[in-house]
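Trainee: I would like the atomic coordinates for the input below:
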Amino acid sequence: MRCSYPDHETQRALNYLTLLMDNLSLATSFDQLWEYSEEADGVYYNAVTSLLKFHHPYSHFQRGRIGGLFNPGYQLLHQHIHTLLDTSGLHPHCALLHRNVHHELPLAWDFTAEFRTAIVDDLVLHFAKKFPHTNGNGNGNSNGKSQPRTIVQHFLQHWEAKLKTFVLHPQAGTVSYRQCMDFQVREYLGYVLSDVEYYRPLALKFHPLDSKLASITKPQKASLTVVK
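Mentor: Below you'll find the model as predicted:
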């Protein structure tokens, strides 16, 4: 996420997640990897909640409206990835990370976990920062009050723009998030077919202090971020 650190809780979560990442190589099974994933999710989403409170300290109801965008965003991402899997011929039920839990089309959820932070969470948190100060039309006379339908409409409007945001991929070069997801699916297909020795998951590393937040109420040109 390309955000500054508004409080100690967020910074502490980042430090702990860094430690978990360093310990991933110690996992000896997919079950242990899943345990790492669950622990990381708990720490991460506590930090996300603190960011929403930071942007909406005055309104629990408004936080609920913005927070309610996460699940629709994940479903949109899951649906898009499922389409890529279907096109590539990969079986959506043959997953690695989500294989032991009850998820529909679990391989799509594996890829969703890979992209949800950079695409969905980043978009929702930008939305949380920018949208409450507008009346839904970008002219800022709402006193933070917006109809739920208006919030969803604006979210969907900026969803497609988010997929067109460019990243610098270490193998594919400068590509949009949409193209990046397609590349990762084809990379995984190559692993399944034994064309490559192992699958290289996408690790996005942002530099919060050097990044400029795109306007949610006024779409701008897609920014370039770095994939390492």
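Trainee: list the contacts of the closest residue to residue 106 other than its chain neighbours.
Mentor: Distances taken as C-beta to C-beta, 6 or more residues apart in numbering place residue 95 nearest to residue 106, at 3.5 Å, with adjacent residues excluded. For glycine as for every other residue, the C-beta is placed from the backbone atoms N, C-alpha and C. Remark: with contacts taken as C-beta atoms under 8 Å, 6 or more residues apart in numbering, residue 95 is in contact with 103, 106-107, 109-110.
Trainee: secondary structure class for residue 95?
Mentor: Under DSSP: H, G, I helix; E, B strand; the rest coil, residue 95 falls in the coil class.
Trainee: so what's the nearest residue to residue 86 once chain neighbours are set aside up against?
Mentor: Take residue 86 and drop its neighbours on the chain: the residue closest to it by C-beta to C-beta, 6+ apart is residue 92, 7.2 Å away. By C-beta under 8 Å, 6+ apart, the contact list for residue 92 reads 82, 85-86, 105-108.
Trainee: of those, which belong to helices?
Mentor: Under the assignment DSSP state H, the contacts of residue 92 contribute 82, 85-86, 106-108 to helices.
Trainee: and the least confident of those residues?
Mentor: Lowest pLDDT of the ones in helices among the contacts of residue 92: residue 106, 87.
Trainee: picking that back up, from residue 43, how far off is the residue nearest to residue 86?
Mentor: 29 Å (C-beta to C-beta, to the nearest Å).
Trainee: and which of the contacts of residue 92 is nearest to residue 185?
Mentor: Within the set of the contacts of residue 92, residue 85 lies nearest residue 185; the separation is 6.2 Å, counting by C-beta to C-beta.
Trainee: which pair in the ones in helices among the contacts of residue 92 spans the largest distance?
Mentor: For the ones in helices among the contacts of residue 92, and using C-beta to C-beta, no pair is farther apart than 86 and 106, which are 14.3 Å apart.
Trainee: so which of the two has more stuff around it?
Mentor: Of the pair residue 86 and residue 106, residue 106 is the one with more neighbours under other C-beta atoms under 10 Å, namely 19 against 13.
Trainee: that one: what's it in contact with?
Mentor: By C-beta under 8 Å, 6+ apart, the neighbours of residue 106 are 92-93, 95, 98-99.
Trainee: ends of stretch 165-182, how far apart?
Mentor: Start and end residues of stretch 165-182 are separated by 14 Å (C-alpha to C-alpha, to the nearest Å).
Trainee: just the mean pLDDT for that stretch, thanks.
Mentor: 89.
Trainee: try stretch 154-162
Mentor: On average, stretch 154-162 scores 88.
Trainee: show me where this protein has its helices.
Mentor: 8-23, 30-55, 60-67, 70-88, 106-116, 122-130, 148-163, 177-192.
Trainee: got a list of contacts for the first one?
Mentor: Right, the one you point to is helix 8-23. 3, 5, 36, 39-40, 43-44, 46-47, 50-51.
Trainee: and the residues you listed, which is closest to residue 167?
Mentor: For the contacts of helix 8-23, the nearest to residue 167 is residue 3 (17.2 Å; C-beta to C-beta).
Trainee: per-residue confidence at that closest one?
Mentor: 47.
Trainee: residue 80 now?
Mentor: pLDDT at residue 80 comes out at 96.
Trainee: my read: it touches residue 182, true?
Mentor: No: taking C-beta atoms under 8 Å as the definition, residue 80 is not a contact partner of residue 182, at 9.8 Å.
Trainee: still on that earlier bit, and the contacts of residue 92, which is closest to residue 169?
Mentor: residue 85 (19.2 Å).
Trainee: not counting its neighbours along the chain, what's nearest the closest one?
Mentor: Per C-beta to C-beta, 6+ apart, closest to residue 85 is residue 92, 5.1 Å.
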